[in-house]
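*Asks:* sequence? don't have it. structure:
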């Protein structure tokens, strides 16, 4: 089947993403359909893929890079929900619920993203029960994470939330050979994740540094004492 996309587009049937995404439940014919219908683009850092409140006609699979998902709160302040990385799918919940986009998707690191038209996604869901189940599981996992975050905001201190976020970023993106987080965020972005002012983040990072839990090199954060951070965050 000939693709209508550019030849530089990654092929779905041999894409490494398939092994770590819900698309690993698709048949060869379904992967060929997906490969034919998708449209892949490279988005530069700072580019907005879609805005909160907009209508989106499909979902997006992240081939590489990092996408920041956030809602806009009081006085235009960002509230970061999560970061999407290689193998993640974004925009699908608004598509399935036939609702406006519930968050803004902005590129944090140069990314290659494949757009999947809504008609194609619905066709795959209707014809493949295993794929449908995986999509349901994905939605449930994200709902569980959102509920856990709400609980943290209500019950944990800012210090506990910051320690937990550093551990979540470690688990999500990993550490480099020098034990630095492999995602680089501004202090403002860290504050937007845990729901506090930038000044509070700066003060707490300084405290973590003094305790020798972390090391700071510009925006890079090196995690020196994982057990101490786990104890502070009450993360078992």
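*Replies:* In hand now; what should we look at? Since we're looking at a predicted model, the values are computed, not measured. Numbers count the residues shown, from 1 in each chain.

*Asks:* Poorly predicted segments of the chain, please.
*Replies:* Across the chain, the ranges flagged by pLDDT under 70 are 1-9, 13-14, 16-19, 235-236.

*Asks:* Check the secondary structure at the residue nearest to residue 61 when sequence neighbours are not counted for me.
*Replies:* Leaving aside its sequence neighbours, residue 61 sits nearest to residue 114 (CB to CB, 6 or more residues apart in numbering; 4.6 Å). Backbone N, C-alpha and C define where each C-beta goes, glycine included. Under DSSP: H, G, I helix; E, B strand; the rest coil, the three-state class of residue 114 is strand.

*Asks:* Report the beta-bridge partner residues of residue 114.
*Replies:* residue 40, residue 61 (DSSP bridges).

*Asks:* Could you measure from it over to residue 11?
*Replies:* 11 Å (CB to CB, to the nearest Å).

*Asks:* If you count neighbours, what's buried in stretch 198-215?
*Replies:* Under the neighbour-count criterion of 16 or more other CB atoms under 10 Å, stretch 198-215 has 200-201, 204-205, 208, 213-214 buried.

*Asks:* returning to what we had before: I'd guessed the residue nearest to residue 61 sits against residue 59; true?
*Replies:* No: using CB atoms under 8 Å, residue 114 is not in contact with residue 59, being 9.5 Å away.

*Asks:* Show me which of those two is the more surrounded one.
*Replies:* Counted by other CB atoms under 10 Å, residue 114 and residue 59 do not tie: residue 114 has more neighbours, with 24 against 21.

*Asks:* Could you check how far that one is from residue 166?
*Replies:* Relative to residue 166, residue 114 is positioned 31 Å away (criterion: CB to CB).

*Asks:* How about residue 146?
*Replies:* Using CB to CB, one gets 20 Å for the distance from residue 146 to residue 166.

*Asks:* swap in residue 127?
*Replies:* For residue 127 relative to residue 166 (CB to CB), the value is 42 Å.

*Asks:* okay, those two: which has more neighbours?
*Replies:* Neighbours per residue (other CB under 10 Å) separate residue 127 from residue 166, with residue 166 holding more: 23 against 14.

*Asks:* before we move on, the earlier item: quick one: residues contacting the residue nearest to residue 61.
*Replies:* 9-10, 38-40, 60-61, 63 (CB atoms under 8 Å, 6 or more residues apart in numbering).

*Asks:* In the sheet, which residues pair with the residue positioned nearest the centre of the chain? Tell me.
*Replies:* Ranked by distance to the mean C-alpha position of the chain (CA atoms, centre = their mean), the top residue is residue 84 at 1.8 Å. With beta bridges defined as DSSP bridges, residue 84 has these partners: residue 67.

*Asks:* heads up, I number from 611, so please use that
*Replies:* Got it, first residue is 611 now, which makes that one residue 694.

*Asks:* show me what contacts it?
*Replies:* Taking CB under 8 Å, 6+ apart, we find residue 694 in contact with 672, 676-677, 679, 700, 715.

*Asks:* one more time with 10 Å, if that's ok
*Replies:* Taking CB atoms under 10 Å, 6 or more residues apart in numbering as the criterion, residue 694 is in contact with 659, 670-672, 675-679, 700-701, 715, 718, 721, 723.
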